[in-house]
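S.K.: the following comprises the amino acid sequence and a computationally predicted model.
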Protein chains: 2
Amino acid sequence: MTDGDEIFKQFKEHSVAEFFKKNQQMLGFSGKVRSLTTVVHEFVTNSIDACEEAGILPDIAVNLEELGEEHYRLTVQDNGPGIPKTHVGKALGQMLAGTKFHRYIQQRGQQGIGASGCCMFSYLTTGKPTRAISRYKGTSYELEVLIDFKTNKPLLNMLSESPTEEHGLTVISEYKGVSHEQSNKGIFEYLRRTALANPHATITFTDPKSGRMVLPRSTEVIPPKPFEIKPHPLGISAHDLLEAAHHFSEYRKLSALLQNAFSRVSAGKVAELRQVVPDVDFDKNPSKLTWEEAEKVVKGFGQVKWIAPATDSLVPIGREQIENSFRNIFSPELVVVTERSPKVYKGGIPFIVEAGIAYGGGIASAGKQGEIMRFANKVPLLFDTSGCAITETVKSVDWKRYDLKNFDEEPIAVLVNLASVHIPYTGAGKQAVAGEEEVEAEIRFAVMEAARTIQRYLSGKRHAHDIANKKKLVERYVEQLSSDLADLSGSKKDRILKKLTQIIEEKYAAEPSEEEIPIESEDKKPKAKEPETEGDE
Amino acid sequence: MTDGDEIFKQFKEHSVAEFFKKNQQMLGFSGKVRSLTTVVHEFVTNSIDACEEAGILPDIAVNLEELGEEHYRLTVQDNGPGIPKTHVGKALGQMLAGTKFHRYIQQRGQQGIGASGCCMFSYLTTGKPTRAISRYKGTSYELEVLIDFKTNKPLLNMLSESPTEEHGLTVISEYKGVSHEQSNKGIFEYLRRTALANPHATITFTDPKSGRMVLPRSTEVIPPKPFEIKPHPLGISAHDLLEAAHHFSEYRKLSALLQNAFSRVSAGKVAELRQVVPDVDFDKNPSKLTWEEAEKVVKGFGQVKWIAPATDSLVPIGREQIENSFRNIFSPELVVVTERSPKVYKGGIPFIVEAGIAYGGGIASAGKQGEIMRFANKVPLLFDTSGCAITETVKSVDWKRYDLKNFDEEPIAVLVNLASVHIPYTGAGKQAVAGEEEVEAEIRFAVMEAARTIQRYLSGKRHAHDIANKKKLVERYVEQLSSDLADLSGSKKDRILKKLTQIIEEKYAAEPSEEEIPIESEDKKPKAKEPETEGDE
């Protein structure tokens, strides 16, 4: 054997930028089409987030120019507040830096990797820096940004500075070895779905093939801004509690820490906790809290009842918007949307699931079957389909229970949006949701709830069809019967016919005809109670 | 609108440790069973790598103790060279630090995240440090390690130091909220598959349920150690070339840089390159090379012929071992193994694909259908099945072309091992391979090549069956015909019967009987030529 000396001479430390440079595929930079869509995805989500943060109706312009074979220049411009001069470099040229990673708020971006990853990818394929123009508080700054991979720090080249009356950010970057096509994984489909989930945004896309296309906003109403919230006690770990004790050192008593660092903890709840966790002193200084005590408090959290996380911390797409979008895209026979109440998953992270099902009509005539449209915080997810908890959960529903055949053989489209202050993505590329138990359960319930309405509709339709058939059968004999009765009784045939017809009409009118089945009233009803049995699945 | 001031006060920089603390699912820490298997996976791969590096036959002991409900202590001990005192902390308590990330060599680990991720997960679930005992060069060091999340630096507590005659590393860590079960995602299955691909290792597993189980080595021969190699010119990017120019500043001429920094570049090849890239001066100082010139050289790489990467840089599991393993596990009716020649994917990264197919026999009787066993550098991949290029490629093969029904309905097991100096994992959790075009193509070819042998066998079997049926049919008439001929000719019936039987035997003996079909000679034949048509698929 050799000793370890030689190999340990090779021991080195690496920056996160070096890591992602070597593992570009983890950021979504694999495949020519996917790479370009990933770039658009990162810049557009940042732009919509910036507008949302500032309370601005977003106007986003995406401009793609073809400079050569598999060589493109992309410009993404927004009307957000812009970025101060001191921060532009870090926002675009440093990984794991930004305003998003540590905040407990529903946002599209959440890692501080996306934009700097694009800047990296642009440099690695073209050797060129990313150019940014930030119009912030009356001044327009233009600069070039590169990442120093060794240190994960931005390298800046200031180009110009001038007064402006506008605000917003423009990012211009070039890419080689990528391609642009109008597929269901391409830029246009990405932007179309973005518009679908963000109806208050106007998105303009100019590309070399089709010229300028506008996806205009369908509402002038800015959706409510999600609130930054505190973690919910349910699901908090002992480590989280001790970290809070360290972070919020201003609270001298555990009881005060609990009431201020976490949501939904009242003085009354602390009193309850004192009852269920008698051997922890809730008046002690949180800095003295041991791991064992923290574990006991956490166990106690699970033994008292809690109010769900505040709903205004989460802003879903919304029932009406999903219905409208489905109608616009598919002209389906039936649309059902369900919106669940907020829940928490591990770490006390609140989330909400909304699901829509569109059935038949235009879906059938377009030849589509078993389509799944995935969204996370209103951001469309186009890639890593099969490794995503949304796909897997939707497919795992026992569709036959809802009088449907195999999911993949039905004219059905399912939309699922997961809104949360932290989406559990499977990877830094943010295209698939990890299989967190609580999240999967909610997706399942939301889809099943909608599927029940589909089932009622289908069985109503079948029932109406049966009734209509019976009626037709009876009507066949009315004419003959009326004649025969007229002959026997001597009454007038017309009168008998009229009377018999009236009886038939009355009998079968008790059942609503096919057209009269209440198609959409279902989704206006109060939410269906949780089915007791379904949790066992 | 609000201005950006308030939000940019919240601009922060984060460490990679903070990132993975918040996104534990990206490292494989999601799900109770998966989390525990992930921990075993990380420590065991490191142990086998350490033994391989030092040329030692691995003896790995994995010991799992149940300390409470969903609370376990895991000990992984190896007989590798150990880690020097100066490096133990960083190896276990700092992310993106180590001997693996930057080296161009086939290894099981490749990120420098795995072990420190486990140390993190242990602390986050139990509040306890990870304990390590390193027996290195005559001294045994015992210490406790934690990660400082803010700085991504290790926090050490040295416990003891004493002389020893042994060598190796022992890592002891505790986990809560995890569970241990004997499923196909559990520790035992993980170790069983590890043993399958690493027959020179003895692995001992002790767990609370089944006691001590030994998976003994089946060979004393240490497999050849993969060589550290230089990147292959095919697929190198302009950025890679410029980086090499910066890194190897000792070469004063581009021609010398090319011959020394990359593999397979001879003086003759440089002469060829001068021909195809006339407007680049190959005598110029590499430090003066521009991006445009680097792009031209890279384009030139694609226009000359290259020798494939050196085979000894890649060490596959091996045909014989895969055959033996399949026979041991499944007792199948037929086993076919194909081993492709080395290829490169983007960045000049060499890789090799080997594939085995087992059919029928024990697979059918065990009720298994369409099983896929995935390996990367001999490491079993148990999770993220559906998002993996191996799974997707195997399933996308048109199995009907090979006289097989749907893959999922056949008694068939497919093993694929991808060996490379850099596996393109989809995520830091290293459980799925990203869809790199060249890699997918090779997986496809390897599987199709094996499938063709399966097809020949099945069609041979069917043919033999048809012949046997014909023979039976003819034999039915022999008796009667002999009697009739005896009556007509006056010859003895027995003699006619014997003669006729002999004729039939001779005729049908020309076709081998079912048992005589050469089942396994196929995989000893020289490799089949690349089918011209298959590249188009």
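M.R.: Structure's in. What do you need?

S.K.: for residue A:458, the count of nearby residues, please.
M.R.: The local packing count at residue A:458 equals 16, with neighbours defined by other CB atoms under 10 Å in any protein chain shown. Every C-beta, even on glycine, is put in place using the N, C-alpha and C of the backbone.

S.K.: state the number of residues packed around residue A:287.
M.R.: Residue A:287 is flanked by 13 other residues according to other CB under 10 Å.

S.K.: and for residue A:205?
M.R.: Burial measure for residue A:205: 23 neighbouring residues, criterion other CB under 10 Å.

S.K.: which pLDDT value belongs to it?
M.R.: Per-residue pLDDT puts residue A:205 at 97.

S.K.: you'd agree it is up against residue A:62?
M.R.: Yes - between residue A:205 and residue A:62 a contact is recorded at 4.8 Å, counting by CB atoms under 8 Å.

S.K.: between the two, which contacts overlap?
M.R.: In terms of CB atoms under 8 Å, 6 or more residues apart in numbering or on different chains, residue A:205 and residue A:62 are both contacted by the residues A:187, A:191.

S.K.: next, the buried residues of stretch A:148-155.
M.R.: Residues A:149, A:152, A:153, A:154 are the ones in stretch A:148-155 that count as buried (16 or more other CB atoms under 10 Å in any protein chain shown).

S.K.: just the CA atoms of it, as CSV, please.
M.R.: Taking Å, rounded to 0.1, in the frame of the first residue of the first chain, the C-alpha atoms of stretch A:148-155 are listed here in CSV:
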residue,chain,number,x,y,z
ASP,A,148,-14.0,35.2,-10.5
PHE,A,149,-14.5,31.5,-10.1
LYS,A,150,-11.7,30.9,-7.6
THR,A,151,-13.2,33.4,-5.1
ASN,A,152,-16.8,33.5,-6.2
LYS,A,153,-16.6,37.3,-6.3
PRO,A,154,-17.8,39.6,-9.1
LEU,A,155,-15.3,41.3,-11.4
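
S.K.: apart from its neighbours in sequence, what residue is nearest residue A:333?
M.R.: The shortest distance from residue A:333 to any residue other than its chain neighbours is 3.2 Å, reached at residue A:360 (CB to CB, 6 or more residues apart in numbering or on different chains).

S.K.: if I look at that neighbour, how far off is chain B?
M.R.: Here residue A:360 is placed at a distance of 28 Å from chain B (CB to the nearest CB, to the nearest Å).

S.K.: in terms of pLDDT, where does that residue sit?
M.R.: According to the predicted model, the pLDDT of residue A:360 comes to 92.

S.K.: thought it was touching residue A:330?
M.R.: No - counting by CB under 8 Å, residue A:330 is not a contact partner of residue A:360; they are 9.1 Å apart.

S.K.: ok, those two, which is more surrounded?
M.R.: With other CB under 10 Å as the criterion, residue A:360 and residue A:330 differ in neighbour count, and residue A:330 comes out ahead with 22 against 19.

S.K.: okay, and which of the buried residues of stretch A:148-155 map to strands?
M.R.: For these, the ones inside strands are A:153, A:154, with DSSP state E as the criterion.

S.K.: tell me the two of the buried residues of stretch A:148-155 that are most distant?
M.R.: Maximum pairwise distance among the buried residues of stretch A:148-155 (CB to CB): 11.4 Å, between A:149 and A:154.

S.K.: can you pull the residues of the stretch 301-450 of chain A lying near chain B?
M.R.: With CB under 8 Å from any CB of the partner chain as the criterion, the stretch 301-450 of chain A comes near chain B at residues A:384, A:386-388, A:392, A:422, A:424-429, A:432, A:434-437.

S.K.: over to the stretch 101-250 of chain A?
M.R.: Taking CB under 8 Å from any CB as the contact definition, the stretch 101-250 of chain A meets chain B at A:101-103, A:111-112, A:123-128, A:136-137, A:167, A:237-239, A:242.

S.K.: buried ones among these?
M.R.: Among these, the ones that count as buried by 16+ other CB under 10 Å are A:101, A:103, A:111-112, A:123-128, A:136, A:167, A:237-239, A:242.

S.K.: please name the nearest non-neighbouring residue to whatever residue of the stretch 251-400 of chain A ends up closest to chain B.
M.R.: Nearest to chain B, among the residues of the stretch 251-400 of chain A, is residue A:387, at 2.5 Å (CB to the nearest CB). Among residues not flanking residue A:387 along the chain, residue B:387 sits closest, at 2.5 Å (CB to CB, 6+ apart).
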